[in-house]
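Visitor: okay, sequence plus prediction incoming.
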Amino acid sequence: MAKMTKKAKALAAIDREKFYTIEEALGVLRQFKSKFDETVEVAMNLGVDPRHADQMVRGMVSLPAGTGKEARVAVFARGENAEKALAAGADKVGAEDLMEDMLAGNLDYDRVIATPDMMGLVGRLGKVLGPKGLMPNPKLGTVTPNVAQAVKDAKAGQVEFRVEKQGIIHSGIGKLSFPDEAIKANFKALTDAVVKAKPSGAKGKYVRKVSLSSSMGPGLKVDLAEVEGA
């Protein structure tokens, strides 16, 4: 009989029915860590049907401990606003030239920001940016005259959450190398923001299931007592 690997043993020992605290889940996930610093991910199953406009869940949240990844940010702006965006750390700033660059397929960005006067131009990129969830949106603060602050927020660990067709929100909340307290702070920030964003059309139980996983590790059910307002 083949000898079980350390990972196989750890996997076999997981209680699939157990609801874990954040610390317990992280302890298990760290048994599966690989050679690279994996992302810790949260999946929230919500009692919504996003096909209905009044059940859509979407927003921005700043993770207090950051994401562990440097966000790449593009900004549509001219003149003084363009200079402010560059000074704030934007990776690419432009107007028609940036539009042409994106139409050519250069879309390696985590966030696209625009000043309000640039939306006529940015609107031409709807079919390119829309499917990637990169279209600037005033409700999310990515269409704003204060591009410098928007760039700083993106670089500091602000992430967007958006419910998928199946009523699930997926979001990274840091790296497996982060201390427990940092992951817990980020988990609380995200789940609080999702609970606060409960749409008017949501009926019945809103937060139905929460799980924690890592890039190469299993998904573990989280005790809903860890989520305030669930």
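Guide: Structure's in. What do you need? Everything numeric in this text was worked out from a predicted model, so none of it was measured.

Visitor: for the helix ranked longest in the chain, packing partners?
Guide: Selection of the longest helix in the chain by residue count, based on DSSP state H, yields helix 180-196. Secondary structure elements in contact with helix 180-196, counted by 3 or more C-beta pairs under 8 Å, 6 or more residues apart in numbering; DSSP states H and E, are helix 22-29, strand 39-46, strand 58-62, strand 158-162, strand 168-175, strand 207-214. In this view, the C-beta of every residue, glycine as well, is placed from N, C-alpha and C.

Visitor: give me the buried positions along it.
Guide: Buried residues in helix 180-196, counted by 16 or more other C-beta atoms under 10 Å: 182-191, 193-195.

Visitor: likewise for stretch 167-175?
Guide: Buried residues in stretch 167-175, counted by 16+ other C-beta under 10 Å: 167-169, 171-175.

Visitor: can you check stretch 119-130 too?
Guide: For stretch 119-130, the buried set under the neighbour-count rule, 16+ other C-beta under 10 Å, comprises 122, 125, 128-129.

Visitor: between the buried residues of stretch 167-175, which sits nearest residue 34?
Guide: Taking C-beta to C-beta as the measure, residue 175 is the one of the buried residues of stretch 167-175 closest to residue 34, at 12.1 Å.

Visitor: so residue 209 is in contact with residue 42, correct?
Guide: No. In this structure residue 209 lies outside contact range of residue 42 using C-beta atoms under 8 Å: 11.2 Å.

Visitor: picking up where we left off before, can you list the neighbours in contact with the longest helix of the chain?
Guide: By C-beta atoms under 8 Å, 6 or more residues apart in numbering, the residues outside helix 180-196 that reach it are 22-23, 26, 40, 42, 44, 46, 57, 59-65, 159, 161, 169, 171, 173-174, 178, 206-207, 210, 212, 226-230.

Visitor: give me the buried subset of those.
Guide: Applying 16+ other C-beta under 10 Å to the contacts of helix 180-196, the neighbour count classes 22, 26, 40, 42, 44, 46, 57, 59-61, 63, 65, 159, 161, 169, 171, 173-174, 178, 206-207, 210, 212, 226-227, 230 as buried.
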